[in-house]
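[1] sequence plus predicted model, see below.
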Amino acid sequence: MPAERPRRDSYVAWRRATTRWSDDDAYGHLNNARYFDLIDTAVNAHLAEATGVDIRQLPQIGVVAEVSCRYFAEMGYPRPIDLGLVVDRIGTSSVVYRVGLFQGDPEGEGALASAEGRFVHVYVDNTDPARPVTPLPDAIRSAVSPLLR
C-alpha cells in the first residue's frame with residue numbers, strides 16, 4: 001500500500017533548489033543520489049543560516065546517523081524544487097528531520113510532495129567523534145526548536 005503523500009502545510013521552513021541537466025539520469029528522471037544531496041543541503045543550510053556560524057567549526061558537529069527517502073512522483077530538470085523542512089524529534093544528542101521535495105505549481109501538481117526524506121543527525125565532539133555528546137548544543141537546539149511539529 002503506498003504511503004500517503006505529504007502536503008506543503010506539513011513543513012515549517014522552506015528553501016528552493018535549482019535543477020541542472022546533469023541531475024537527471026539516463027531516463028530523464030532526477031537521479032536518486034540527487035535526492036539525498038538535496039535533503040542534506042536543506043538541513044545543513046538551515047542550520048548554518050539559523051545559527052549564523054560555520055557549523056563545521058562548532059565544538060560539536062552533527063553526523064548523519066540515518067537517511068532515507070520515499071518516492072511518490074517523478075521530478076527532473078529543468079523545473080526548480082521546493083524543499084520543506086520540519087523536525088519530528090529533538091533528543092538529547094540527536095535531531096530527526098523530514099524534508100519534503102516538491103516540484104510544480106503549489107496550487108496544482110506541486111501541492112503534494114514528490115518525495116520525502118528522513119534525516120537524523122547525531123551530535124558528536126568535533127575533535128573526537130567516537131561518542132555522541134549530551135546535551136544537544138544550545139545553538140543547534142535554538143535553530144531546530146522552531147521547526148518542531
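    Ah, there it is.
[2] could I get the full set of helices for the protein?
    32-51, 138-144 (DSSP state H).
[3] so which elements touch the longest one?
    The reference is to helix 32-51. strand 13-17, strand 60-71, strand 81-90, strand 94-102, strand 115-125, helix 138-144 (3 or more CB pairs under 8 Å, 6 or more residues apart in numbering; DSSP states H and E). C-beta here means a position set from N, CA and C on the backbone, and glycine is covered the same way.
[4] quick one: mean pLDDT over it.
    Taken as a whole, helix 32-51 has a mean pLDDT of 97.
[5] quick one: contacts of it?
    Applying CB atoms under 8 Å, 6 or more residues apart in numbering, the contact partners of helix 32-51 are 13, 15, 17, 23, 25, 54-55, 58, 62, 64, 67, 69, 71, 81, 83, 85, 97, 99, 101, 115, 117, 119, 121, 139-140, 142-144, 147.
[6] just the buried subset of these, please.
    13, 15, 17, 23, 55, 58, 62, 67, 69, 71, 81, 83, 85, 97, 99, 101, 115, 117, 119, 121, 139-140, 143-144, 147 (16 or more other CB atoms under 10 Å).
[7] if I read this right, Pro129 contacts Val64, doesn't it?
    No - if you go by CB atoms under 8 Å, Pro129 and Val64 don't touch, sitting 11.8 Å apart.
[8] which residue is nearest the middle of this structure?
    Ile39 (3.6 Å; CA atoms, centre = their mean).
[9] how about it: what's its closest non-neighbour residue?
    For Ile39, ignoring the flanking residues on the chain, the nearest one in space by CB to CB, 6 or more residues apart in numbering is Gly117 at 3.7 Å.
[10] now do that neighbour, the pLDDT please.
    The model's pLDDT for Gly117 equals 98.
[11] which ones are touching it?
    Contact partners of Gly117, counting by CB under 8 Å, 6+ apart, are Tyr35, Phe36, Leu38, Ile39, Val67, Ser68, Cys69, Arg70, Tyr97, Arg98, Val99, Leu101.
[12] list the buried residues for stretch 124-142?
    Val124, Pro132, Val133, Leu136, Pro137, Ala139, Ile140.
[13] of the residues you listed, closest to Ser93?
    The shortest approach to Ser93 among the buried residues of stretch 124-142 belongs to Pro132, at 3.8 Å (CB to CB).
[14] okay, and the beta partners of the closest one?
    Val124 (DSSP bridges).
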